[in-house]
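Engineer: sequence first, then the predicted structure, then my questions.
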Amino acid sequence: MEVFNNVVSWLNDVLWGVPMIIFLLGTHIILTVATKGVQRKVFKGIKLSVEKNNGKGDVSVFGALTTALASTVGTGNIIGVGTAITIGGPGAVLWTWLTGILGIATKYCETFIAVKHRKKMDDGSYIGGAMTALDDLKKPFLAKLFSIFTMLAAFGIGCGVQSNAIASMLDENFSFPTYITGIVLAVLTFIVIFGGIKSISNVCTKLVPIMSILYSIGCIVILCINISYVPETILLIVKSAFSARAMAGGFVGSTILIAMRYGMARGLFSNESGMGSAPIASAAGNAENAVKPAIVGSTGVFWDTVVICLLTGLVLCTCVVANPNIDAVLLNNGSKLCSACFASIPYIGTPILVFGVITFAYSTILGWNYYATQCVKYLFNKKAVKVYLFIWVVVIFVGSVMDLTAVWNLADVLNALMVIPNVIAVLLLIKEIKKDTNYYLYENHLDEVDKELI
């Protein structure tokens, strides 16, 4: 296991080096320019997400969005941000946030191609994503690679990491045996996922809004308690993002590159912008044209990173600044740092953290299961999905008792591998994206039906 961990860690360092930072950040900037700054339409997307849609699909637009949000609003929003801070320093928070803002454009574009190039299966259900877009581009090898990477990544980012986070949190705070947590999670997940997208969507439409709102309110209350330290913390985050920093004030020393690397890696882990995962859920939603669900899908990055990740980062950094006894250097584990920071707030701190981790992680297990099974269906057939679901349930249990470091590193590696074919598909279809975006969005034809859309 030690050798395996070392290999995965080395591969993680290679994949998340300077080339990936340039590749992702460059893509975000290119697509922001190509879509004329579609980020400014995010509030329109929020409004559209709750409006009635008469297009064809398996679930409502809101159902598709909450299923996508279920996977993106996960442990990356809490423990992932904590890990970024313990390694990259407080400056990583700003890089996570900036990645989210720029990533809205990428999420819009990858959702667009997923819906525009979706297919209708023999049973009447829809399937779409980078794999179907790559198929239409006559790139079957890349399509298969994306599907394989998604299937494998799901075991990490969508399953093992999440069950591990829940089990670790309950063990650290309540001494609850990890194997019992694993069994309970496996059973609860089994009940939901075998009902397919409709069952998953029904749970997510109820769970996601409640968990996001309650956790955000909890974070705001903590910031109000530490209000006198907030200005100092914001200044520290900004300065640390653009300058080398020695170890001081409980924070680890960091260079700009390290802050960028871990801020961007955890930003991607959280909002999945560029990975092409969430668009798989969006492709199942009702759609008159591809632009409308793309705008709605892009709001997921806003809620996930611009709001929730920022709140978590501010809470953690503010708590370290306000409490000198919390040492982010000694607590060289994102989970431990989160526990220490939230525990510094009497009575409400720990319950907010535990509630956030459990609900965020469980919803991610559900959302990512749908992504993975769609890729299994694409690669093999519907019968293979049942086999995959049983393996999924087993991995939930195994993940709950695994070493956290190995799980996080492996998840980062698989995330990076997903990015490559997905971004290639988006960039190859950039002319189509620009054409439809100009017509449907900027020329006000959002309610018009695209007759070419399946």
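Structural biologist: Ah, there it is. Numbering: from 1, shown residues only.
Engineer: show the average pLDDT along stretch 60-80.
Structural biologist: Average pLDDT, stretch 60-80: 86.
Engineer: now do the same end-to-end measure for that stretch.
Structural biologist: Across stretch 60-80, the terminal residues are separated by 30 Å (Cα to Cα, to the nearest Å).
Engineer: tell me the spacing between Thr359 and Lys386.
Structural biologist: 27 Å (Cβ to Cβ, to the nearest Å). C-beta: built from backbone N, CA, C; applies to glycine.
Engineer: compare those two and say which is more crowded by neighbours.
Structural biologist: Thr359 (21 against 11; other Cβ atoms under 10 Å).
Engineer: flag every buried residue along whichever strand or helix holds Asp436.
Structural biologist: Here Asp436 is covered by helix 430-436, with elements defined by DSSP states H and E. Buried residues in helix 430-436, defined by neighbour count with 16 or more other Cβ atoms under 10 Å: 432-433, 436.
Engineer: who's in contact with His28?
Structural biologist: 99, 102-103, 105-106, 273-274 (Cβ atoms under 8 Å, 6 or more residues apart in numbering).
Engineer: right, and the pair among those with maximum separation?
Structural biologist: Farthest apart among those by Cβ to Cβ are Thr99 and Ala105. That separation is 11.6 Å.
Engineer: pretty sure Leu94 sits against Ser243.
Structural biologist: No. Between Leu94 and Ser243 there is no contact under Cβ atoms under 8 Å: 11.7 Å.
Engineer: ok, these two, which is more surrounded?
Structural biologist: Taking neighbours as other Cβ under 10 Å, Leu94 and Ser243 compare with Leu94 leading, 21 against 12.
Engineer: setting aside sequence neighbours, what's the nearest residue to the more buried one?
Structural biologist: Of all residues not flanking Leu94 in the chain, Ala241 sits nearest, at 3.9 Å (Cβ to Cβ, 6 or more residues apart in numbering).
Engineer: so which of the contacts of His28 is the closest to Asn173?
Structural biologist: Closest to Asn173, out of all of the contacts of His28 and judged by Cβ to Cβ, is Thr99, at 29.9 Å.
Engineer: what about Leu257, neighbour count?
Structural biologist: The number of residues near Leu257, taken as other Cβ under 10 Å, comes to 13.
Engineer: identify each buried residue in the helix or strand hosting it, please.
Structural biologist: In this assignment (DSSP H and E), Leu257 forms part of helix 256-271. Buried residues in helix 256-271, counted by 16+ other Cβ under 10 Å: 256, 258-271.
Engineer: helices and strands of this protein: which one bottoms out on pLDDT?
Structural biologist: One helix or strand of the chain scores below all others by mean pLDDT, DSSP states H and E: helix 256-271, with a mean of 74.
Engineer: return the distance of it from the chain's centre.
Structural biologist: 12 Å (Cα atoms, centre = their mean, to the nearest Å).
Engineer: cool, and stretch 149-156?
Structural biologist: 13 Å.
Engineer: likewise for stretch 275-283?
Structural biologist: With Cα atoms, centre = their mean, you get 11 Å for stretch 275-283.
Engineer: same question for stretch 109-123.
Structural biologist: The answer for stretch 109-123 is 20 Å, by Cα atoms, centre = their mean.
Engineer: from Leu185, how far out is Phe176?
Structural biologist: 12 Å.
Engineer: I meant Ala133, not that one.
Structural biologist: Relative to Leu185, and taking Cβ to Cβ, Ala133 is found at 33 Å.
Engineer: contact partners for Asn226?
Structural biologist: By Cβ under 8 Å, 6+ apart, the neighbours of Asn226 are 318-319, 322.
Engineer: please produce JSON lines containing those, extended by neighbour count, secondary structure and distance to Leu337.
Structural biologist: Shown next, in JSON lines, are the contacts of Asn226 (neighbours: other Cβ atoms under 10 Å; DSSP: H, G, I helix; E, B strand; the rest coil; distance: Cβ to Cβ, whole Å):
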{"residue": "Thr318", "neighbour count": "26", "secondary structure": "helix", "distance to Leu337": "13"}
{"residue": "Cys319", "neighbour count": "27", "secondary structure": "helix", "distance to Leu337": "9"}
{"residue": "Ala322", "neighbour count": "18", "secondary structure": "helix", "distance to Leu337": "14"}
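Engineer: among the residues you listed, which one sits closest to Asp450?
Structural biologist: Using Cβ to Cβ, the contacts of Asn226 come closest to Asp450 at Thr318, 46.9 Å.
Engineer: for Ile85, see how far away the closest one is.
Structural biologist: 11 Å.
Engineer: cool, and Leu94?
Structural biologist: Applying Cβ to Cβ to Leu94 and Ile85 gives a distance of 11 Å.
Engineer: what's the closest of the buried residues of helix 256-271 to Leu314?
Structural biologist: Gly263 (14.0 Å).
Engineer: can you confirm Ile295 is in a helix?
Structural biologist: Yes. According to DSSP: H, G, I helix; E, B strand; the rest coil, Ile295 belongs to a helix.
Engineer: quick one, what contacts it?
Structural biologist: Under the criterion of Cβ under 8 Å, 6+ apart, the neighbours of Ile295 are 38, 41, 44-45, 48, 108, 441.
Engineer: now these in CSV, with neighbour count?
Structural biologist: What follows is those, written out as CSV (neighbours: other Cβ atoms under 10 Å):
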residue, neighbour count
Val38, 27
Lys41, 22
Lys44, 15
Gly45, 23
Leu48, 19
Tyr108, 32
Leu441, 21
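Engineer: report how many residues lie close to Ile234.
Structural biologist: Neighbour count of Ile234, defined by other Cβ under 10 Å: 16.
Engineer: so which strand or helix has it?
Structural biologist: helix 230-241.
Engineer: which intervals of the stretch 251-400 of the chain have sub-threshold pLDDT?
Structural biologist: 251-255, 269, 328-332 (pLDDT under 70).
Engineer: same for the helix holding Ile234, what does it pack against?
Structural biologist: Other helices and strands packing on helix 230-241, by 3 or more Cβ pairs under 8 Å, 6 or more residues apart in numbering; DSSP states H and E, are helix 91-116, helix 256-271, helix 310-322.
Engineer: quick one, which of the ones you listed is nearest to Tyr215?
Structural biologist: Here helix 310-322 is closest among these (Cβ to Cβ), at 8.1 Å.
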